[in-house]
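In: quick one: sequence plus predicted model below, questions after.
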Amino acid sequence: MGNAERAGDSSTFSGRTVLITGHSGFIGAWLATVLDHLGATVVGYSADDDPDSETRAQWLETMGVKRIRGDVRDRDKLFAAIEVTRPDIVFHLAAQAILCRGFDEPHLTFDVNLNGSLNILEAERLGMMPAVVHVTSDKCYVPMTADSGMLNEDSPIGGRSPYSASKSMAENMFREYMDLPRLGGAPHRAASVRLGNVIGGGDFADRLVPNCVKVFQDGDVFAVRDPLAVRPFQHVLDVVDGFVRLGARLLTAEGEQVHALNFAPPTSGHTAGEMVFELARAWGDEALLSPERDVCGFPEDKLLWLDGSKAAELLDWHHAFDLRRSAERIIDWVRSVDEGATPAETTRRQAAEYYLEPVRVMGAAA
């Protein structure tokens, strides 16, 4: 099966206008690339206040992705961008998305993550766009224990760090807005997605995978903070395919569509140690790992087992990449860019290859 089968009905986005807040972030750039590949007119709204985001915004422009510079906290500018763009759907990804940064800059974290969601949800209530996908994090849940089982969409909300709490509050805000009538009486067509740990090429933030890859590139020895920490690692292209399927459903299904969904791999997750081992395996003999643990300056949850079965069933969505193939794709992206290909070329190539992948349930027999 090819492009149309993996993306669901890819014609849903052909000729449609899509606005992505945070399009120059790691996930946003991949989503913009795929939607462009599927024939959408993609417009990005981002502050681009760091070098990595500015670089991604520039190479997305070379692909024809339009850019509006703006902060999601600026309601007037955001609303003006929506009015000018007239999007068929908005994907709200703009956020302060780094857990450890939340401890250093709690005010910024709450400000961006709450007021960004507030402005997008108010625009949806006012009928400024037909549909919206509101993206948060699996950190929105009350931290789990070994006895609490996997986190599903009915698990209690209540993150316990500035970043996690901001995502919990954004989820509560989404729920309350969905209980309000839309201006003009149109039905809500909205979903809030609670993402597990997303990995892939082009991520340069202070997270496990990019930190590990940077150490390999420098020829140094990498030490994991907590090799036994369990996380729902999933490749960014699998996540983007879920966004595409969800967006198509919101745009085409009959009646009101309001969903809260976990996006997670069809496993209970993997340890940080397993993730790093697969990256080292893909990198080759030059990858050096330390048996010592790195020092962690902030508290982290030990377990994050996220149940993504609801989204998989609702959207007929199946991950193509297991942990090993995800690591191989990441190292392929890094080496391609190191060898002279541009990030835009490499991202477009991997996206095109993904949509030629056969659709299959991950782990099923060939």
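Out: Perfect, I can see it now. Numbers count the residues shown, from 1 in each chain.
In: hang on, isn't R281 packed against S326?
Out: No: using C-beta atoms under 8 Å, R281 makes no contact with S326, being 11.9 Å away. No exception for glycine: its C-beta is placed from N, CA and C like everyone else's.
In: more crowded one of the two?
Out: Using other C-beta atoms under 10 Å, the more surrounded residue of R281 and S326 is S326, with 27 against 14.
In: ok, that one - contacts?
Out: The contact partners of S326, taken as C-beta atoms under 8 Å, 6 or more residues apart in numbering, are I199, G200, F233, Q234, H235, E278.
In: now the helix or strand hosting the last one - C-alpha only, PDB.
Out: Of the helices and strands defined by DSSP states H and E, E278 is found in helix 272-283. In PDB, the C-alpha atoms belonging to helix 272-283 read as follows (Å, rounded to 0.1, in the frame of the first residue of the first chain):
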ATOM      1  CA  ALA A 272      15.900   5.200  28.200                       C
ATOM      2  CA  GLY A 273      18.700   2.700  28.200                       C
ATOM      3  CA  GLU A 274      17.100   0.700  25.400                       C
ATOM      4  CA  MET A 275      16.600   3.900  23.400                       C
ATOM      5  CA  VAL A 276      20.300   4.900  23.800                       C
ATOM      6  CA  PHE A 277      21.400   1.300  22.900                       C
ATOM      7  CA  GLU A 278      19.500   1.400  19.600                       C
ATOM      8  CA  LEU A 279      21.000   4.800  18.800                       C
ATOM      9  CA  ALA A 280      24.500   3.500  19.500                       C
ATOM     10  CA  ARG A 281      23.800   0.400  17.400                       C
ATOM     11  CA  ALA A 282      22.600   2.500  14.500                       C
ATOM     12  CA  TRP A 283      25.600   4.900  14.900                       C
END
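In: for stretch 269-279, which outside residues touch it?
Out: Contacts for stretch 269-279 (C-beta under 8 Å, 6+ apart): 196, 199, 208-209, 212-213, 216, 222, 224-233, 287, 289, 304-306, 323-324, 326-327, 330-331.
In: can you tell me the closest non-neighbouring residue to the residue in the chain sticking out farthest from the centre?
Out: In the chain, G184 marks the outermost C-alpha relative to the chain mean, sitting 31.5 Å out by C-alpha atoms, centre = their mean. Closest residue to G184 apart from its sequence neighbours, by C-beta to C-beta, 6 or more residues apart in numbering: G127 at 5.2 Å.
In: the one you found contacts P187, correct?
Out: No: with contact defined as C-beta under 8 Å, G127 does not count as touching P187 (10.8 Å).
In: measure stretch 127-142 end to end?
Out: 33 Å (C-alpha to C-alpha, to the nearest Å).
In: what are the buried residues along that stretch?
Out: 128-141 (16 or more other C-beta atoms under 10 Å).
In: same deal with stretch 42-54?
Out: Of the residues in stretch 42-54, V42, V43, G44, Y45, S46, A47, D48, D52, S53 count as buried by neighbour count, 16+ other C-beta under 10 Å.
In: quick one: contacts of the longest helix belonging to the chain?
Out: As assigned by DSSP state H, the longest helix anywhere in the chain is helix 106-125. Residues external to helix 106-125 that are found in contact with it (C-beta under 8 Å, 6+ apart): 21, 72-73, 75, 78-79, 82, 90, 92, 94-96, 101-102, 129, 132, 134, 136, 162-163, 165-167, 169-170, 173-174, 177, 180, 182-183, 188, 190.
In: the following helix or strand past that helix versus helix 106-125: what angle between them?
Out: Where DSSP H and E defines the elements, the next helix or strand beyond helix 106-125 is strand 132-137. Relative orientation of strand 132-137 versus helix 106-125 (axes from the mean of the first three to the mean of the last three C-alpha atoms, to 10 degrees): 160 degrees.
In: so after strand 132-137, what's the next helix or strand?
Out: Past strand 132-137, further along toward the C-terminus, the next helix or strand under DSSP H and E is helix 162-178.
In: quick check: mean pLDDT of the next helix or strand after that next one?
Out: Per DSSP H and E, the first helix or strand lying C-terminal to helix 162-178 is strand 189-195. For strand 189-195, mean pLDDT is 97.
In: about what we covered before: could the buried residues of stretch 42-54 be laid out in CSV, adding secondary structure and distance to G255?
Out: Below are those laid out as CSV (DSSP: H, G, I helix; E, B strand; the rest coil; distance: C-beta to C-beta, whole Å):
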residue, secondary structure, distance to G255
V42, strand, 27
V43, strand, 28
G44, strand, 30
Y45, strand, 29
S46, strand, 33
A47, coil, 36
D48, coil, 38
D52, helix, 41
S53, helix, 38
